[in-house]
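# Have a look at this prediction, sequence included:
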Amino acid sequence: MPHITLLAEQARAVQVRNIFCIGRNYAAHIAELGNRPEEDPVVFIKPTSALHLPGTPIVLPTHSSDVHYEAELVLLVGQGGKNIAEDKALKHIAGYGLGLDLTARDLQTKAKQGGLPWAVAKGFDCAATVSQFVPSEHIEHPQNIEFQMHLNGQLKQHGDVRKMLFPIPFIVRYLSQVFTLREGDLIFTGTPEGVGPLKGGDVVRLVLPNAIDTEFKVE
Ligand code: ZN
């Protein structure tokens, strides 16, 4: 099973379990893809084989000719639970990281048209690329987190959790009503506007100010 590193005074390896993803969580991104906001969050799951960590390049899949980056805040679940109340939700988050919900947009568009699942569009190797994680105690105001994604030195995405349609405590409560959350689960919280294609030779940089600054090369 893959492990991620929780950066602390002493780095701690955490075994990754389920990878949950929230879709359509920022109004401007919903608009750029021509979707409509949902009453409940869109939830999908990636296999752990899709997990990709810093240190080696992102390898683009061969079964798609239009792979998009989607930069997202990623939660690392600490203490698990079922039916977690919103006012207790943040206590269940052990760390915060940034990630790329890589999406084969051509296959996803086809799947959406056919009303079919997204596994091959969002579950391939490297499709869950993540930075290292910082422990929650290092994030003073999780309700104010902002992050950036740069492509080849150009700012492409700016995320601000205050613009989420479904805020973090809502997401934790909602997911934990359906799934038992366990230590090591990751939750991708949705992408802001500015998504676009990746190609070989690109360099992606994910920044959470004063906490994370990670670069990935694309092969
Ligand atoms: Zn996404």
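Cool, got the structure. Just so it is clear, the model here is predicted, and its values are computed rather than measured.
# Flag the shaky bits of the protein, pLDDT-wise.
Residues of the chain that meet the criterion pLDDT under 70 lie in 1, 7-11.
# which parts of it sit against the ion?
70, 101, 191 (C-beta under 5 Å from the ion). Using the backbone N, CA and C atoms, a C-beta is placed for each residue, glycine as well.
# 8 Å - rerun?
Residues of the chain lying close to the ion (C-beta under 8 Å from the ion) are 21, 22, 23, 70, 72, 101, 103, 122, 188, 190, 191.
# quick one, what contacts the fourth one?
Residues touching residue 70, when contacts are defined by C-beta atoms under 8 Å, 6 or more residues apart in numbering, comprise 100, 101, 102, 103, 191, 195.
# related to what we said a few turns ago, what about the residues of the chain next to the ion, which are in strands?
Residues of those located in strands (DSSP state E): 21, 22, 23, 72, 101, 103, 188.
# can you redo those residues as JSON lines with neighbour count?
As requested, those are exported to JSON lines (neighbours: other C-beta atoms under 10 Å):
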{"residue": "21", "neighbour count": "28"}
{"residue": "22", "neighbour count": "25"}
{"residue": "23", "neighbour count": "21"}
{"residue": "72", "neighbour count": "27"}
{"residue": "101", "neighbour count": "27"}
{"residue": "103", "neighbour count": "25"}
{"residue": "188", "neighbour count": "27"}
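# Name the nearest of these relative to the ion.
Closest approach between those and the ion, by C-beta to the ion: residue 101, at 3.4 Å.
# nearest residue to that closest one other than its sequence neighbours?
In space, and not counting its chain neighbours, residue 101 is closest to residue 70: 4.2 Å by C-beta to C-beta, 6 or more residues apart in numbering.
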